[in-house]
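Student: Could you work out the structure for the sequence below:
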Amino acid sequence: MTVDPSLAELSDTLFSIAVALYSVAVVAFSAQLAFGRRPVRQLVPAGAGTGGGADTAAPAAPARTDRWGLVGLAVTAVGAVVHAGVLVTRGMAADRLPWGNMYEFATAVVLVGVVVYLVLAGRMPAVRDIGAFVLAPVVIALVATGLFLYTETGPLVAALRSSWLAVHVSTAILGFGIFFVSGIASVLYLLKLRSDARGAEAEGSFLSRLPGAVTLDRVAHRTAVFGFPIWTFAVIAGAIWAESAWGRYWGWDPKETWAFIAWVVYAGYLHARTTAGWRGRPAAWVNVVGLAVMVFNLLYVNMVSTGLHSYGGLD
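Tutor: Just a heads-up that it's a prediction; the model follows:
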């Protein structure tokens, strides 16, 4: 199988452009946090819905300048289109699905995370305020992917030449990308709870500009609910592919083991959300652990440990 060098080079160029665009988006979202107007607090007359007494300060409807946030959102959307072009041109160059190695897998996971954020920001305007905290990890992840995981465009290794690649790996990418946003939302939720607990002491910090803890918790939960069945299907599809390739459904290979551990952690998170005593902060920590397990599975298991899924650095 021949590789089109011009398309492969175009893919690499688009990768650099996507990183640059996302970096600009980080600056725009950071400017929104730094210079956007704070929620206006107005005096509520005594006795108006209260127990009486002196006038009290109550938050009015937010009157924040959203210009920088909209710029960040627009640049992120353009970056996502360019980012998708990285995978499309790479796939066309090699005439195959563009997630046959760790470089392509990680690039696709990050793209899914960006798209999930854009969808959430479109449906919930308050989510735009977490843009800097989503796009900064995106930039870091892409830079690290380009520096340490880059692989020249080429054909698939024999072990991956199966129709199950389109099923198993595609759903794993979707699940990971969704959990990426869910984990970040839980981290911000925990930080927001800490900021709220400090009260006036934290007034004016960047954390005070984040969406409310309830909103962040809702984002984390809903994305986890959406991603969990996708990840479940990815694990099942992987087991079916393993039976076809190796004659057994499950062999406790390191990759299989950590994929199952991630599934257990996210199942635990969703269960904790409905269990008294585990709602809120404890459940959020479980979700953060889930993201850590996913990252560990991608990096350590692929790059350090050995097993049937160790295709010379390929996923």
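
Student: which secondary structure elements does the host helix or strand of Gln32 contact?
Tutor: Following DSSP states H and E, one finds Gln32 within helix 5-35. With contacts defined as 3 or more CB pairs under 8 Å, 6 or more residues apart in numbering; DSSP states H and E, helix 5-35 has these neighbours: helix 67-94, helix 131-144. Bear in mind the C-beta positions are built from the backbone N, C-alpha and C, glycine included.

Student: at 10 Å what do you get?
Tutor: Secondary-structure packing of helix 5-35 (3 or more CB pairs under 10 Å, 6 or more residues apart in numbering; DSSP states H and E): helix 67-94, helix 102-123, helix 131-144.

Student: What helices and strands are in contact with the longest one?
Tutor: Helices and strands in packing contact with helix 67-94 are listed as helix 5-35, helix 102-123, helix 131-144; criterion 3+ CB pairs under 10 Å, 6+ apart.

Student: One more: the last one?
Tutor: In this structure, helix 131-144 packs against helix 5-35, helix 67-94, helix 102-123, helix 170-198, with contacts taken as 3+ CB pairs under 10 Å, 6+ apart.

Student: next one: the second one
Tutor: Judged by 3+ CB pairs under 10 Å, 6+ apart, helix 102-123 is in contact with helix 5-35, helix 67-94, helix 131-144, helix 170-198, helix 213-246, helix 281-303.

Student: Check those helices for me and report the most buried one.
Tutor: Among those, ranked by average contacts under mean count of other CB atoms under 10 Å, first place goes to helix 170-198 (a mean of 22).

Student: follow-up on the earlier one: what angle sits between the helix holding Gln32 and helix 67-94?
Tutor: Angle, helix 5-35 to helix 67-94, by axes from the mean of the first three to the mean of the last three CA atoms, to 10 degrees: 160 degrees.

Student: that older thread, CSV please, covering the helices and strands packed on helix 67-94 and showing distance to Leu87 and mean pLDDT.
Tutor: As requested, the helices and strands packed on helix 67-94 are exported to CSV (distance: least, CB to CB, whole Å; pLDDT from 0 to 100):
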stretch, distance to Leu87, mean pLDDT
helix 5-35, 8, 93
helix 102-123, 6, 95
helix 131-144, 12, 95
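
Student: which one of these lies closest to Ser244?
Tutor: Nearest to Ser244 among the helices and strands packed on helix 67-94 is helix 102-123 (20.4 Å), distances taken as CB to CB.

Student: Now the closest one: buried residues?
Tutor: 102-118, 120-121 (16 or more other CB atoms under 10 Å).

Student: Redo the helices and strands packed on helix 5-35 as CSV? Include distance to Val265.
Tutor: Listed next are the helices and strands packed on helix 5-35 as CSV, based on distance: least, CB to CB, whole Å:
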stretch, distance to Val265
helix 67-94, 28
helix 102-123, 17
helix 131-144, 19
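
Student: Ok, which of these comes nearest Phe260?
Tutor: helix 102-123 (18.6 Å).

Student: tell me how far that closest one is from the chain's mean position?
Tutor: 6 Å (CA atoms, centre = their mean, to the nearest Å).

Student: Just the C-alphas of that helix, formatted as PDB.
Tutor: Extracted C-alpha coordinates of helix 102-123, given in PDB (Å, rounded to 0.1, in the frame of the first residue of the first chain):
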ATOM      1  CA  MET A 102      -1.200   6.100  19.300                       C
ATOM      2  CA  TYR A 103      -0.600   9.400  17.500                       C
ATOM      3  CA  GLU A 104      -3.800   9.100  15.600                       C
ATOM      4  CA  PHE A 105      -5.800   7.700  18.500                       C
ATOM      5  CA  ALA A 106      -4.800  10.500  20.800                       C
ATOM      6  CA  THR A 107      -5.400  13.100  18.200                       C
ATOM      7  CA  ALA A 108      -8.900  11.700  17.600                       C
ATOM      8  CA  VAL A 109      -9.700  11.600  21.300                       C
ATOM      9  CA  VAL A 110      -8.700  15.200  21.800                       C
ATOM     10  CA  LEU A 111     -10.900  16.200  18.800                       C
ATOM     11  CA  VAL A 112     -13.900  14.400  20.400                       C
ATOM     12  CA  GLY A 113     -13.300  16.300  23.600                       C
ATOM     13  CA  VAL A 114     -13.300  19.600  21.700                       C
ATOM     14  CA  VAL A 115     -16.500  18.800  19.900                       C
ATOM     15  CA  VAL A 116     -18.200  17.800  23.100                       C
ATOM     16  CA  TYR A 117     -17.200  21.100  24.700                       C
ATOM     17  CA  LEU A 118     -18.500  23.000  21.700                       C
ATOM     18  CA  VAL A 119     -21.800  21.200  21.800                       C
ATOM     19  CA  LEU A 120     -22.200  21.900  25.600                       C
ATOM     20  CA  ALA A 121     -21.200  25.500  25.200                       C
ATOM     21  CA  GLY A 122     -23.800  25.900  22.400                       C
ATOM     22  CA  ARG A 123     -26.500  24.400  24.600                       C
END
